[in-house]
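Participant: From the sequence below, what's the structure:
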Amino acid sequence: MEADNFLQRIIIEDIEKGAYQRPVRTRFPPEPNGYLHIGSLYAINISYGAAKKFGGGFNLRMDDTNPLKEDMEYVEACIEDMKWAGYDPGENIFFGSDYFGKIYDLTVFLIKKGLAFVCDLTADQMREYRGTLSSPGKDSPFRDRDPSLNLELFEKMREGAFPPGERVLRAKIDMASPNMNMRDPVIYRILDAEHYRTGREWVIYPMYDYAHPIQDAIEGITHSMCSIEFNDHRPLYEWVLNSLEFTEPPKQREFGKLNITGAITGKRYLIQLVNGGFVDGWDDPRLPTVRGLRRRGFTRESIHGFFNEIGVARDYSTVDISMLEHFLREDLKPKAPLKMAVLDPLRVEIINYPEGMTEILEIENNAENPEMGKRRLPFSRDLFVEREDFAEFPEKGFHRLYPGNEVRLKGAYFIKCEEAVKDNAGNVVSLRCTYDPKTKSGLDFTERKVKATLHWLEAGHAVPAVVNLYGRLLLEENTGGEEEINWDKRIDPDSKVTLENCLVEESIKDCLPEDKFQFIRHGYFVADMKQGRADGKTVFNRIVPLKDGKKGKG
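Facilitator: Numbers count the residues shown, from 1 in each chain. Coordinates of the predicted model:
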């Protein structure tokens, strides 16, 4: 079997040498204190893909060992988002909190072995004793307590005899280790909080670095794949499993974390943005959360194509968001029906077109996919075009409508601007044009050429709509690694522009949420899955502009 990446090569080597007497099993262990994002999907894709490739199993396990932040809302969202993205865990959904009793029993075993001790140092004292990267730490004065006393104190911690912060349980490893994670880390702490699943049953909770390997072992995980920031935590992962004497213990292996230009994937930053009201919730289309991507109109196929292209790196890597957008366009190009949408309408009257006459024209639904057929659009003397498609005094290179110039209307006729009608303030409110009936699309007309083709809508059948134009959220891509950011100064005020007076084809007035279209010359758009309007207008979100994001002067 050929490996798709270096992690799969490790798995193949383990299979060939018989490292495990059980099938390959991987896992994804999110903490239910926020919503999944594109980086989460990248990690899921690695573990889920490996399990499927080797005919093994995949577990979704909620790492809910911290009752201060977790909520069932995030659990349900995680499951739904994974299923939408094509990573269905099926019945293999587990909770770290289900193992609290088992972890406690194993910890008692660890204490009896003399490998864990109750420490009375304060948090400040522990930081002082811990040492630095260049100097070793020093032993806690409570490190050599008799195991029986440690066991007695740990049981009292379990019973709630001590307030939070008064005592912790620490692993007894090596205060002189060059790896700070091995300097007698805290493995249990006291918390005065109600857990969203276990309530007040427990007042002591295991730390993630301690609980993680135990949970993996309990579930029979063979390969615990983590992002690279956990590389320095691997020795502790292995120490816990060896000290608790697990046979055929899981192996932790690391991959490079994915960073995408222009996308905020740090959970603490996402929480700041959401809780601070700087965005419209976890599903804001400017966020790289799964909910945001879905509401923006991204498809699972485009995300999978993106992951397959970038592969799995060994170290940190940064990928330009334009690559993700490329795969989105490639996925939508043959799928999204082509539609007319006028975002800033300017009325056009074709003065030589017969009054009261409405003609039905046929226009292709997708130039990339002829199998999608054609649709019928009405045409009359009263139309709308984009306001930006007219210039009273055009710059050089402008080939669209201006007095005396001729253009083609998409799928219809040549029209020529004869006059711009203005209001009392001098603003252009409509155009008076003429058409040439000999130039109807599909006819063999070679008498003259035009340099621009415009989209349009027939006034009597145009449907009002609202359009959100989304762009990059931040003015600058780099957040600088700050804990707290002044988001008011970082967020681009034009990252969301709402256009209230748009018009779209009548054919999409009854479209369903998440239906996707290409609006001619504007890009790809999706019917919003969240916003409903009392005035009956459909809300469309721009997914992504056309390839270069520019229309040019033509």
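Participant: And the pLDDT at the closest residue in space to Gly57 that isn't next to it in sequence?
Facilitator: Closest residue in space to Gly57, ignoring its immediate chain neighbours: Arg25 at 4.5 Å, by Cβ to Cβ, 6 or more residues apart in numbering. For the C-beta atoms, the positions are set from N, CA and C on the backbone; glycine is no exception. Listed pLDDT for Arg25 reads 98.
Participant: gap between Arg25 and Glu91?
Facilitator: Distance of Arg25 to Glu91, computed by Cβ to Cβ, to the nearest Å: 14 Å.
Participant: Which residue of those two possesses the greater neighbour count?
Facilitator: Using other Cβ atoms under 10 Å as the criterion, Arg25 and Glu91 rank with Arg25 on top: 23 against 5.
Participant: since we're on the residue nearest to Trp84 when sequence neighbours are not counted, how many residues are nearby?
Facilitator: The spatial neighbour of Trp84 that comes closest, neighbours along the chain excluded (Cβ to Cβ, 6+ apart), is Arg294 at 6.3 Å. Neighbourhood size, Arg294 [other Cβ under 10 Å]: 21.
Participant: and the next element down the chain from the helix or strand containing Arg294?
Facilitator: Arg294 is part of helix 290-296 when elements are defined by DSSP states H and E. Under the assignment DSSP H and E, the closest C-terminal helix or strand after helix 290-296 is helix 300-310.
Participant: Buried residues, that next one. List them.
Facilitator: Neighbour-count burial for helix 300-310, with 16 or more other Cβ atoms under 10 Å as criterion, is recorded at Arg300, Ser302, Ile303, His304, Gly305, Phe306, Phe307.
Participant: Stretch 30-39 now?
Facilitator: By 16+ other Cβ under 10 Å, the buried positions in stretch 30-39 come out as Pro30, Glu31, Pro32, Gly34, Tyr35, Leu36, His37, Ile38, Gly39.
Participant: Now the two most distant members of these.
Facilitator: Spatial extent of the buried residues of stretch 30-39 (Cβ to Cβ) is set by the pair Pro32 and Ile38 at 18.4 Å.
Participant: thought Ala465 was touching Glu505?
Facilitator: No: between Ala465 and Glu505 there is no contact under Cβ atoms under 8 Å: 9.6 Å.
Participant: shared neighbours, these two?
Facilitator: Ala341 (Cβ atoms under 8 Å, 6 or more residues apart in numbering).
Participant: Can you get me a residue count around Asp344?
Facilitator: Asp344 has 15 nearby residues by other Cβ under 10 Å.
Participant: Tell me, how many residues neighbour Pro345?
Facilitator: Neighbours around Pro345, by other Cβ under 10 Å: 19.
Participant: can you pull the contacts of the nearest residue to it once chain neighbours are set aside?
Facilitator: Of all residues not flanking Pro345 in the chain, Phe384 sits nearest, at 4.2 Å (Cβ to Cβ, 6+ apart). Applying Cβ under 8 Å, 6+ apart, we find Phe384 in contact with Val342, Pro345, Leu346, Arg347, Val348, Trp456, Leu457, Ala459, Ala462, Leu503.
Participant: Show me the strands in the stretch 101-250 of the chain, by range?
Facilitator: Applying DSSP state E, counting those that start in this stretch to the stretch 101-250 of the chain gives strands spanning 116-119, 168-171, 186-190, 204-206, 223-227.
Participant: Using JSON lines, lay out the ones you listed together with distance to Glu484, mean pLDDT and mean neighbour count.
Facilitator: Converted to JSON lines, the strands of the stretch 101-250 of the chain look like this (distance: least, Cβ to Cβ, whole Å; pLDDT from 0 to 100; neighbours: other Cβ atoms under 10 Å):
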{"stretch": "strand 116-119", "distance to Glu484": "31", "mean pLDDT": "98", "mean neighbour count": "24"}
{"stretch": "strand 168-171", "distance to Glu484": "27", "mean pLDDT": "98", "mean neighbour count": "24"}
{"stretch": "strand 186-190", "distance to Glu484": "25", "mean pLDDT": "98", "mean neighbour count": "20"}
{"stretch": "strand 204-206", "distance to Glu484": "26", "mean pLDDT": "98", "mean neighbour count": "23"}
{"stretch": "strand 223-227", "distance to Glu484": "24", "mean pLDDT": "97", "mean neighbour count": "22"}
